Structure formats: C-alpha cells, structure tokens
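Student: got a sequence here, can you build the structure:
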Amino acid sequence: MLLDASSYGTTPPPREGAGFWIRALARGIDTLVHCAVAVAAAVAAVILLAIVSALQGVAPDASMARLSATTPLGFLAALIGATAMHTLGEGLHGSTVGKRICGLTVISEDGGPATLRGAFRRSIAYNVDALLFGLVAARKMSESPRRQRHGDLWGETQVVRLSSLDIGVRRSWLRFALAATAGATVDGIVILVELASRLP
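Tutor: Next comes the predicted model:
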C-alpha cells in the first residue's frame, strides 16, 4: 500500500543522506580548491616581498626563506581559511565547489536551507570527524538514519543529493557563485595576512 505524506502525521520521513564516499570525493575537490587559493596567496606574498625589498634596497633572500618555512601559525591560518571557505559556501548556499560538482548540498535537519551557524559548527567538527582518515565520520554515518557525522549532529545539518530537493527550494547558481567567491576570498586573505606578517 502506498503511503502519502499525511500517513506520517506532521513530521515527514527522514530524507536519505548522501553516502561517505561521494562526500569524501567532494571534500577532496574542496581541498584542491583550498590548495589553489593558498598558492595564489603565496604568489601575492612573493610579489609583495619583491616590492618591499625593492623599496628598501635589500636582497629578499632572508625574507623568502621565512615565507617558505612551515610554521604552526601558518598551519593555523590554513585551517581557519579552509573553515571559513566551507562555512560561507555551505551557510550562504548549501554547497562548496566540491559538493556542487558532486551534486550534493547541505540542509538543516528540518529540511530548510543550511544556516551560517550550522555550517560553522559542522566545519569545526570536521577536524574530529576526519581523524583516522575519516574512519570516525564513516562509523558515525553508518549508525545514523540520516547518514550524519558528528559535525552534522552538532550543526543540526544533513548532506543530501541536490536532485532530491524540489526545484523551488534549491538556491540559485548566482548565489552559489557569490558564496564560493566569498569563501575563497576570505580563505586567501587569511593565508595572505599570515604570510605578510613574516615580511620585514
């Protein structure tokens, strides 16, 4: 017997969440985007260094060595930048570049659009979910009817196939472009500011 929405009372049945591997692919694509942003920020820092060195009439060798070094502050800047990129992409649109390419989007548990608060919480918790190469997330998702990882539960969000949403509730391509641009810009600025702080 077929059941309509009224058969479930006022609460609709849980929407099926996206699986682990397609989400891992989306995250991999987003990591490449983040790396591209970091390279662009590094190029901008080198150009800035060349200008400063020329104005001061000094060789840029020592400063170049400082720019090339891996530091805890540099790692923190990259972490903050990546978190900002995901928060803005998912909170303003529902998708990062990786999720959009993979046909995924983030929604709130109630089926509405994701919020910046929820996107921020799930992005922060990703650092826990990613432990042991994503094993923590995969295990939690296998136990969840909505395939939610810890970050989704904390942020009250769910990752679903974009095709599962009605056309009328999907956010526009323009909004996606603006959200992705905002995320990449903030990511780059955070990394560039940290690199610029190493200059004389």
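Student: okay, CA-based contacts and neighbour counts for the rest of this
Tutor: Noted.
Student: ok now the helix or strand where residue 195 lies, how far from the chain's centre?
Tutor: Per DSSP states H and E: residue 195 is located in helix 173-196. Taking CA atoms, centre = their mean, to the nearest Å, one finds the center of helix 173-196 at 11 Å from the center of the full chain.
Student: now that helix: average pLDDT?
Tutor: What helix 173-196 shows for mean pLDDT is 96.
Student: what is that helix packed up against?
Tutor: The elements that helix 173-196 packs onto, with contact taken as 3 or more CA pairs under 8 Å, 6 or more residues apart in numbering; DSSP states H and E, are helix 20-56, helix 72-92.
Student: so which of those helices comes closest to residue 98?
Tutor: Closest to residue 98 of the helices and strands packed on helix 173-196, according to CA to CA: helix 20-56, at 4.2 Å.
Student: buried set for the closest one?
Tutor: 20, 22-24, 26-27, 29-30, 33-34, 37-38, 41-42, 44-46, 49-50, 53 (16 or more other CA atoms under 10 Å).
Student: quick one: it to chain centroid distance?
Tutor: Counting by CA atoms, centre = their mean, helix 20-56 is centred 15 Å from the centre of its parent chain.
Student: now stretch 116-126
Tutor: Worked out by CA atoms, centre = their mean, stretch 116-126 lies 9 Å from the chain centre.
Student: quick one: the helix holding residue 195 to helix 72-92, angle?
Tutor: Here the directions of helix 173-196 and helix 72-92 differ by 170 degrees (axes from the mean of the first three to the mean of the last three CA atoms, to 10 degrees).
Student: between helix 173-196 and helix 20-56, how many degrees?
Tutor: 50 degrees.
Student: what does helix 173-196 rub up against?
Tutor: Helix 173-196 is contacted by residues 34, 37-38, 40-42, 44-45, 48, 67, 73-74, 77-78, 80-82, 84-90, 92-93, 95-97 when judged by CA atoms under 8 Å, 6 or more residues apart in numbering.
Student: one more: stretch 23-30?
Tutor: 96, 97, 98, 99, 101, 102, 104.
Student: check stretch 52-59 too.
Tutor: residue 60.
Student: for that stretch, C-alpha coordinates in CSV please.
Tutor: Included here for stretch 52-59 are C-alpha records, laid out as CSV according to Å, rounded to 0.1, in the frame of the first residue of the first chain:
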residue,chain,number,x,y,z
VAL,A,52,59.1,45.8,-0.3
SER,A,53,62.7,44.6,-1.0
ALA,A,54,63.0,46.9,-3.9
LEU,A,55,61.8,49.9,-1.9
GLN,A,56,64.2,49.1,0.9
GLY,A,57,67.1,48.3,-1.4
VAL,A,58,67.8,44.9,0.2
ALA,A,59,68.0,41.3,-1.1
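Student: so for that stretch, mean pLDDT?
Tutor: Mean predicted confidence for stretch 52-59 is 77.
Student: roughly how far out does it sit from the chain middle?
Tutor: That offset, for stretch 52-59, works out to 38 Å (CA atoms, centre = their mean).
Student: and if you look at stretch 150-159?
Tutor: Remark: stretch 150-159 is offset 14 Å from the chain centroid, using CA atoms, centre = their mean.
Student: go on, stretch 148-161?
Tutor: From the chain centre to the centre of stretch 148-161 is a distance of 13 Å (CA atoms, centre = their mean).
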